[in-house]
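# Build me a structure from this.
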Amino acid sequence: MPGKHKNRRSYRDPDRPRGQRLNERERTQILTLYHIAKWNKSRIARELRLARPTVISCIQEGILHQNGP
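Numbering: from 1, shown residues only. Next comes the predicted model:
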């Protein structure tokens with residue numbers, strides 16, 4: 001059926017505790033892969049073994065912080 005959601009498994013590493021914040025190196029790596037290497041969000045999540053919403057929020061935060069003081 002077109003337009004129907006696929007039930008996807010999370011790319012999150014099962015060994016990583018839930019709620020653990022990203023460190024500065026992980027944030028920088030996500031933003032670099034997104035902006036410079038032009039990777040899409042799903043690929044970043046898959047390769048770094050992070051949940052896709054985590055990657056999306058990191059990219060949105062990064063864009064907001066880059067324009068700030």
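
# Could you list the buried residues of stretch 29-37?
29-31, 33-34 (16 or more other Cβ atoms under 10 Å). C-beta coordinates here come from the backbone N, C-alpha and C atoms, glycine included.

# In strands, which of those residues fall?
Taking DSSP state E, every one of those sits outside strands.

# I'd like to know which of the residues you listed is nearest to Ala51.
Nearest to Ala51 among the buried residues of stretch 29-37, counting by Cβ to Cβ, is Ile30 at 11.9 Å.

# Ignoring the adjacent residues along the chain, who's closest to that closest one?
Cys58 (4.9 Å; Cβ to Cβ, 6 or more residues apart in numbering).

# can I assume the one you found is in contact with Gln29?
No. Contact criterion Cβ atoms under 8 Å: Cys58 and Gln29 do not qualify, at 9.7 Å.

# Which residues are in contact with the most centrally placed residue in the chain?
Taking Cα atoms, centre = their mean, the centroid of the chain lies closest to Val55, which sits 1.4 Å from it. Residues counted as contacts of Val55 (Cβ atoms under 8 Å, 6 or more residues apart in numbering) are 30, 41, 44-45, 48.

# related to what we said a few turns ago, mutual contacts of Cys58 and Gln29, please.
With Cβ under 8 Å, 6+ apart, Cys58 and Gln29 have no common neighbours.

# where do the helices sit along the protein?
Applying DSSP state H to the chain gives helices spanning 24-35, 41-48, 52-67.

# ok, and what's touching the second one?
For helix 41-48, the surrounding residues in contact (Cβ under 8 Å, 6+ apart) are 11, 26, 29-30, 33-34, 39, 50-52, 54-56, 59.

# swap in stretch 22-31?
With Cβ under 8 Å, 6+ apart as the test, stretch 22-31 has contacts from 44, 48, 50, 54-55, 58-59, 62.

# Nearest to Gly19 among those residues?
The closest of these, once distances to Gly19 are taken by Cβ to Cβ, is Thr54, at 10.6 Å.

# For that closest one, which residues are in contact?
With contact taken as Cβ under 8 Å, 6+ apart, Thr54 is in contact with 12, 22, 45.
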